[in-house]
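Colleague: Next comes the sequence, and after it the predicted model I'd like to discuss.
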Amino acid sequence: MSGKPKGRIALVIAVVLILGGFGYLLYGNIGKNLVWNVTPAELLAKGDDAYDRAVRLGGQVAPGSIVWDEGRMGVNFQMQDTDGKQIHVRSKGIPTAMFRDGIGVVVEGKLMKDSPTPVFHATNLMVKHSNEYQPPAEGHPARDMSKTLISE
C-alpha cells in the first residue's frame, strides 16, 4: 500500500511542473512580444519613449498626402487620428488596391528620428474595410478590379 501514495505525490508534482512550465512559456516573455495599437496622438505623447519600439499604429490616410515611391516600391503618406494629429508614414511594398485617401489603416513598425520630424517606418500596412462583399457591377469586367495602383 505504500506505493500508491508515492505514485500520487509524483503525479501531483509532475502536473504542477508541467503547468508551471506552460505558465512560464505563456506569460514569462509575453511583454517582449506584444505589439500595442495606438493612435498618432498617443504615440507622439510618449515623447522619446516612442522611438525605435515595435508598435501598431491606427488611423486614417490624410487626404492628398499619398506619395508613391516607385524606385523603392513603397508609399509615403500622412496618417491622422480623430484629434487631427499626424505622423509621416513610410511603407515598403505595394498596399492593396483599396488603399486611398481617407481610408482607415493600421501599420506595424517603428517610429524613427530620420529627420527633424519623426517618420514611422512601416513593415506591414493593413487597410481597414467592411466585411460586406459587393460583386462587380453588371457589365464591369472583374479583371479591371485588380489593376495595379502604380502606372507602368
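Modeller: Ah, there it is.

Colleague: avg pLDDT for the longest helix seen in the chain?
Modeller: Of all segments of type helix in the chain, defined using DSSP state H, the longest is helix 3-27. Helix 3-27 carries an average pLDDT of 86.

Colleague: Quick check: buried residues in it?
Modeller: Across helix 3-27, burial judged by 16 or more other CB atoms under 10 Å covers no residue at all. From N, CA and C alone the C-beta is placed, and that goes for glycine too.

Colleague: Stretch 94-101 now?
Modeller: In stretch 94-101, counting by 16+ other CB under 10 Å, buried: I94, P95, F99.

Colleague: what does stretch 48-59 give?
Modeller: A50, V55, R56, L57, G58, G59.

Colleague: Compute the first-to-last residue distance for it.
Modeller: Start to finish, the residues bounding stretch 48-59 are 21 Å apart (CA to CA, to the nearest Å).

Colleague: which SS class is M126?
Modeller: Classification of M126 using DSSP: H, G, I helix; E, B strand; the rest coil returns strand.

Colleague: quick one, phi psi at the most centrally placed residue in the chain?
Modeller: Central residue of the chain (CA atoms, centre = their mean): E108, 3.4 Å from the mean position. Dihedral pair for E108: phi -110, psi 140, per degrees, to the nearest 10.
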